[in-house]
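In: Pasting the sequence and the predicted model now:
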Amino acid sequence: MIKRSLLITVFTVLTLVGCKTNPFTGEQNLNFVSNAQLFPMAFEQYDQFLAENKVITGNSEANMIKNVGQKIVTASERYLNANGYQGYLNDFAWEFNLVKDDAVNAWAMPGGKVVFYTGILPIAKDETGIAIIMAHEVAHALADHGAQRMSAAQLQQLGAVAGGIALSGKSEQTQQIFAQAYGLGTQVGVMLPFSRSHETEADRIGLTLMAIAGYNPDEAADLWRRMAAQANSQAPPEFLSTHPATATRINNLTAWAPEAKAEAKKYGVTSFK
């Protein structure tokens, strides 16, 4: 009984105080993992990844990745400074690398470490396409999505422990049923929607950042049409996926492009690549 009460108290305290304001939405997001805790681990993992993979340097594509990345970061800093978040990027150590890999992928780690795979370049097609993808990945880093996922996973584990303690006097079969139901329920009902919400948020923030950087947000929907055209496998239903359905993303990006342009106009940007 004491252990159960302690777990409930810990859970409540974490959810109440473990929040951080999202500078793009103004919302309080679950986050009790500090930059000081997370960034050094991310930087170490990034360096290890680069050491184990073929990093392309010096050619036009690698240079474009770096140049576009810096433009998106500059746009981010303009936005953050204008909205009262001076110094928000102080702990970030931005790095943009192109890695030889046929996977159609790009990703960002907490603290601003970004990788593009060569396999995504034909779909990006040009500088604007790279900017769309880059702004999305930078948005993940800026919105602390990595820390939020870690925080949510810790709460998920804490809930499993609490449930196990609550059922400690029940039969082994009852405990197994709970474990299976809890795992499936929290994955489909909580963790996957959480991941999809991050992807949607990064899409929307990314549109604003790319527009402030001078890239046309109208092109984002076309990028995702190209993504859909090259897909060679049947995607899972949206509710079982970590990402929104492609059709959902295209509709969202089309609807949000005008507001991204309107936001960019506040920074004197009225024409786009």
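Out: Noted; the coordinates are in hand. Only a predicted model underlies this, so the values are computations on that prediction, with no experimental measurement involved.

In: helices and strands of this structure: which one bottoms out on pLDDT?
Out: helix 2-17 (a mean of 44; mean pLDDT, DSSP states H and E).

In: Now do the contacts for Asp126.
Out: Counting by Cβ atoms under 8 Å, 6 or more residues apart in numbering, Asp126 touches no other residue. For every residue, glycine as well, the C-beta is placed using N, CA and C.

In: Could you check the pLDDT of it?
Out: Asp126 is assigned 97 on the pLDDT scale.

In: Please report phi then psi for it.
Out: phi -150, psi -170 (degrees, to the nearest 10).

In: now Lys20
Out: phi -140, psi 140.

In: Do you have the strands of the chain handy? List them.
Out: Counting by DSSP state E, the chain has these strands, from start to end: 19-21, 28-30, 55-56, 95-99, 106-109, 113-117.

In: List the strands paired with the second one, with their directions.
Out: Strand 28-30 pairs in its sheet with strand 19-21 (antiparallel), by DSSP bridges.

In: quick one: average confidence on the partner strand?
Out: Averaged across strand 19-21, pLDDT comes to 79.

In: Need the contact partners of it.
Out: Glu27, Gln28, Asn29, Leu30, Asn31, Phe32, Asp144, Ala147.

In: List just the nearest of those residues to Leu223.
Out: The shortest approach to Leu223 among these belongs to Asp144, at 24.7 Å (Cβ to Cβ).

In: Could you give the number of residues near the residue lying closest to that closest one once chain neighbours are set aside?
Out: Closest residue to Asp144 in three dimensions, ignoring its sequence neighbours and counting by Cβ to Cβ, 6 or more residues apart in numbering: Asn31, at 5.5 Å. By the criterion of other Cβ atoms under 10 Å, Asn31 has 22 neighbours.

In: and Lys111, how far is that from Lys265?
Out: Careful, residue 111 is Gly and not Lys. Taking Cβ to Cβ, to the nearest Å as the measure, Gly111 falls 31 Å from Lys265.

In: between the two, which one's more packed in?
Out: Comparing Gly111 with Lys265 by other Cβ under 10 Å, the one with more neighbours is Gly111, at 20 against 12.

In: which ones are touching that one?
Out: So Gly111 contacts Asn35, Leu38, Phe39, Ala42, Phe43, Asp91, Phe92, Ala93, Ala141 (Cβ under 8 Å, 6+ apart).

In: and which of these is nearest to Ala82?
Out: Proximity of these to Ala82 (Cβ to Cβ) peaks at Phe92, which lies at 17.7 Å.

In: Tell me how far that closest one lies from Val114.
Out: Noted for Phe92: a distance of 11 Å to Val114, by Cβ to Cβ.

In: list the residues that contact both of those two?
Out: Contact with both Phe92 and Val114 is made by residues Ala141, according to Cβ under 8 Å, 6+ apart.

In: more neighbours, those two?
Out: Taking other Cβ under 10 Å, Phe92 and Val114 do not tie; Val114 has more neighbours (25 against 19).

In: ok, the more buried one - contacts?
Out: Val114 makes contacts with Gly69, Trp94, Glu95, Phe96, Asn97, Ala106, Trp107, Ala108, Met134, Glu137, Val138, Ala141, as judged by Cβ under 8 Å, 6+ apart.
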